[in-house]
Each structure stands twice: as structure tokens, then as C-alpha cells.
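[1] My questions are about this predicted structure, shown below with the sequence.
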Amino acid sequence: MTVEPVSAPKPDAESIDWEALRAAATAAMRNAYAPYSHFPVGAAALATDGRIVAGCNVENASYGVTLCAECSLVSGLHMGGGGQLVAFSCVDGNGTVLMPCGRCRQLLFEHAVPGMLLETVSGIRTIEEVLPDAFGPRQLIEFGA
Ligand code: THU
């Protein structure tokens, strides 16, 4: 298997415009399709090339098929030219910072630069802190899969 090489420097929390990221996440949240949970979510991230990618949750009558906001964001990352995520923010329907669910931490991990920063309910944290000892592409590569 092959994965995109990651060569970006570790992000620095001071250099990130967290307010702008949260504003982009809040704007994305307004596009949510959440007629079942009534819990709109928006997510936004800074990509390695400097662009902001965003996404909203899109639910389905078959509840388990629901797409989290992060799914939409990661699709947008690749549709917009690829790259990796440098900094990430996610908000609920009040524009309040929301922790990405467990599955989405896994999703983000695969598309993050090492040390990707997240705005969390307990401050700025790295992707490695919110998904310790993560399983990822490395395990497949090391096994030779
Ligand atoms: N949701 C997200 O979009 N991202 C998360 O990280 C947490 C949960 C959505 C899924 C569902 O549409 C709604 O929030 C309620 O769980």
C-alpha cells in the first residue's frame, strides 16, 4: 500500500487563527442536514497548503448511515486537491467547541500532519493526545500488507 508522505513542520498553536477556524466551522454548521438528531455540527480545518476546508453533518433516515461533519471535511480536503490537516475545530449548533467523536478522531488521524492541533473542550491538543497509540497506515506498512 502507499500513503501520501508527510513532510510538513509540526504546527504551532500561536500561529493558528482559531477564531477564524471556529467561524468557518460555525458557518459550515449552518449547512447541516440533521432532521433526526436536531444536533447540527460544523467542522473546519487548515490544510497544509493554507486553504480552509469545512464540513457539516449529513444524516440519513437509516440512522447508522449518518455522515459526521468530519467526513464531509475530509472529502472536501481531497476534492480540493489533497494535502494534510494542520489545525482543526468543530462546533455544535450553538457554535460551542465540540470534541470529535471517536470514529472521527480515527478519520482525522489518517489525514493529519504529525502534531495536528485541535481546539478541544480542554484547550488546544494534538491529534496524538486525543487518539493515543493510534492504529494507522504505519501498522499496515510495517506488517507488509
Ligand atoms: N456528529 C458529528 O458530525 N461529528 C462528531 O464528531 C460528533 C457527532 C453528528 C452526527 C449526528 O448527525 C449528530 O452529530 C448527533 O450525533
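    Arrived safely. Keep in mind the model is a prediction, meaning the values are calculated, not measured.
[2] how about stretch 117-132, does it reach the ligand?
    No - Stretch 117-132 does not reach the ligand (CB under 6 Å from any ligand atom); its nearest approach is 11.1 Å. Glycine gets a C-beta too; all of them are placed from N, C-alpha and C.
[3] got the buried residues for that stretch?
    117-120, 124-127, 130-131 (16 or more other CB atoms under 10 Å).
[4] Now the element after the top strand by length along the chain, going C-ward?
    Longest strand in the chain, counting residues (DSSP state E): strand 112-120. As assigned by DSSP states H and E, the chain's next helix or strand after strand 112-120 is strand 123-126.
[5] helices or strands next to whichever helix or strand comes after that next one in the packing?
    Sequence-wise, the next helix or strand downstream of strand 123-126 (DSSP H and E) is helix 127-130. Here helix 127-130 is seen to pack against helix 102-110, strand 112-120 when contacts are counted using 3 or more CB pairs under 8 Å, 6 or more residues apart in numbering; DSSP states H and E.
[6] Tell me which of the ones you listed sits most buried.
    For these, the largest average neighbour count (mean count of other CB atoms under 10 Å) is found in strand 112-120, namely a mean of 21.
[7] Quick one: name the residues of the chain near the ligand.
    34, 37, 39, 41, 57, 59, 66, 68-70, 100-101, 104.
[8] Strands of the chain, residue ranges please.
    Using DSSP E, strands in the chain cover 42-47, 52-56, 85-91, 112-120, 123-126.
[9] Out of the ones you listed, flag the one nearest S75.
    With CB to CB as the criterion, S75 lies closest to strand 52-56 of those, at 7.2 Å.
[10] what's in contact with the closest one?
    Applying CB atoms under 8 Å, 6 or more residues apart in numbering, the contact partners of strand 52-56 are 20-21, 24-25, 27-33, 40-47, 69-77, 80, 85.
[11] who does that strand pair up with?
    strand 42-47 (antiparallel) (DSSP bridges).
[12] Take the strand it pairs with, keep the C-alpha atoms, and write them as CSV.
    In CSV, the C-alpha atoms belonging to strand 42-47 read as follows (Å, rounded to 0.1, in the frame of the first residue of the first chain):
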residue,chain,number,x,y,z
GLY,A,42,-19.7,22.1,11.7
ALA,A,43,-16.0,21.4,11.3
ALA,A,44,-13.2,23.4,9.8
ALA,A,45,-9.5,22.8,9.3
LEU,A,46,-6.4,24.5,8.0
ALA,A,47,-4.8,22.4,5.3
